[in-house]
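Participant: Return atomic coordinates for the entry below.
(one chain, ligands or ions: 1)
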Amino acid sequence: MSRVVYYAAMSLDGYIAEDDDTLDWLNSYDGSYEGNGAPPVEGGYDEFYESVGAIVMGSVTYEWVLGYMKSTGRSWMYPGMPSWILSSRDLPVPEGADVRIVDASAAEIHDGMVAAAAGKNVWVVGGGNVASQFADAALLDEVRATVVPVVLGQGKPLFDRRIDGGPMQLTGVYPRKNGMVELTYRLES
Ligand SMILES: NC(=O)c1ccc[n+]([C@@H]2O[C@H](COP(=O)([O-])OP(=O)(O)OC[C@H]3O[C@@H](n4cnc5c(N)ncnc54)[C@H](OP(=O)(O)O)[C@@H]3O)[C@@H](O)[C@H]2O)c1
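Facilitator: Residues are numbered from 1 along each chain as shown. Modelled structure (predicted):
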């Protein structure tokens, strides 16, 4: 059965981006972990991406991706992946990308995303506001936060509001060779 999963990297103090949307703290992070106590666990983004059948993101994240494509000359990062972009504006769509720009609530797009995912999971890419909308609607099943040991002091948070409901249940702890730790939590709904 498809799950709706918020998968994101966050600083040790809980931010997914700086206030100006830069991600240098993440992209330039170069740490290591020797495995004292708990051995490093293989896996990470590629393994996660294999489990995904549809994605959703807010327009700020989408425009960051478009800017990244332009500055690096790269093509759309999610080829063939059914992608929902939340926005009240008309935004460009890269050639060949399976992207729909929608002005809609989490509840309105949920069933279509699950159908498109065809048994795989739906990835809530971010930002924290979009993830909070899914949590508010009780449509978020899992949080996978990769902690990057960097302290930013301020920025855009993993969630932008209090999330009510039952306690999240820890379902996994995955220390990586690069010093990041992926924490997975199941939400009660
Ligand atoms: N560290 C990580 O793993 C990670 C993951 C994801 C994102 N990020 C970064 O985090 C930052 C995210 O920024 P953010 O949280 O400010 O923005 P965001 O969630 O990407 O986008 C927010 C915008 O999306 C539109 N939107 C949101 N919900 C909507 C709805 N239900 N219907 C219609 N439009 C809706 C609105 O803009 P308009 O209507 O004006 O278009 C809103 O201002 C970016 O810098 C991104 O690169 C980091």
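Participant: Check the offset of stretch 27-42 from the chain's centre.
Facilitator: 21 Å (CA atoms, centre = their mean, to the nearest Å).
Participant: ranges for the strands of this structure?
Facilitator: Ranges of strands within the chain are 4-11, 15-17, 52-58, 83-86, 99-102, 121-126, 142-148, 156-157, 169-175, 181-186, based on DSSP state E.
Participant: Looking at those, which is nearest to residue 35?
Facilitator: Closest of the strands of the chain to residue 35 is strand 169-175, at 7.5 Å (criterion: CB to CB). Glycine gets a C-beta too; all of them are placed from N, C-alpha and C.
Participant: For the closest one, buried residues please.
Facilitator: 174-175 (16 or more other CB atoms under 10 Å).
Participant: Listing request: residues of the chain with sub-threshold pLDDT.
Facilitator: For the chain, residues meeting the criterion pLDDT under 70 lie at 189.
Participant: Flag every residue of it that's near the ligand.
Facilitator: By the rule CB under 6 Å from any ligand atom, the part of the chain lying against the ligand is 8-9, 16-17, 21, 23, 26, 57-61, 64, 86-89, 103-105, 125-130, 133, 156.
Participant: which residues does residue 186 contact?
Facilitator: Residues in contact with residue 186 (CB atoms under 8 Å, 6 or more residues apart in numbering) are 141-142, 168-169, 171.
Participant: closest to the ligand among the residues you listed?
Facilitator: residue 142 (14.9 Å; CB to the nearest ligand atom).
Participant: Write down the beta-bridge partners of the closest one, one by one.
Facilitator: Counting by DSSP bridges, residue 142 forms beta bridges with residue 5, residue 186.
Participant: Share the number of residues neighbouring it, please.
Facilitator: 19 (other CB atoms under 10 Å).
Participant: same question, residue 131
Facilitator: By other CB under 10 Å, the residues close to residue 131 number 28.
Participant: Spatially, what comes nearest to the residue nearest the centre of the chain if we skip its sequence neighbours?
Facilitator: Residue closest to the average C-alpha location in the chain (CA atoms, centre = their mean): residue 125, at 3.0 Å. Excluding the flanking residues, the one nearest residue 125 by CB to CB, 6 or more residues apart in numbering is residue 57, at 3.9 Å.
Participant: And for residue 163?
Facilitator: Counting by CB to CB, 6+ apart, residue 163 lies nearest to residue 135, which is 4.7 Å off, once chain neighbours are set aside.
Participant: Now do that neighbour against residue 20, distance only.
Facilitator: 26 Å (CB to CB, to the nearest Å).
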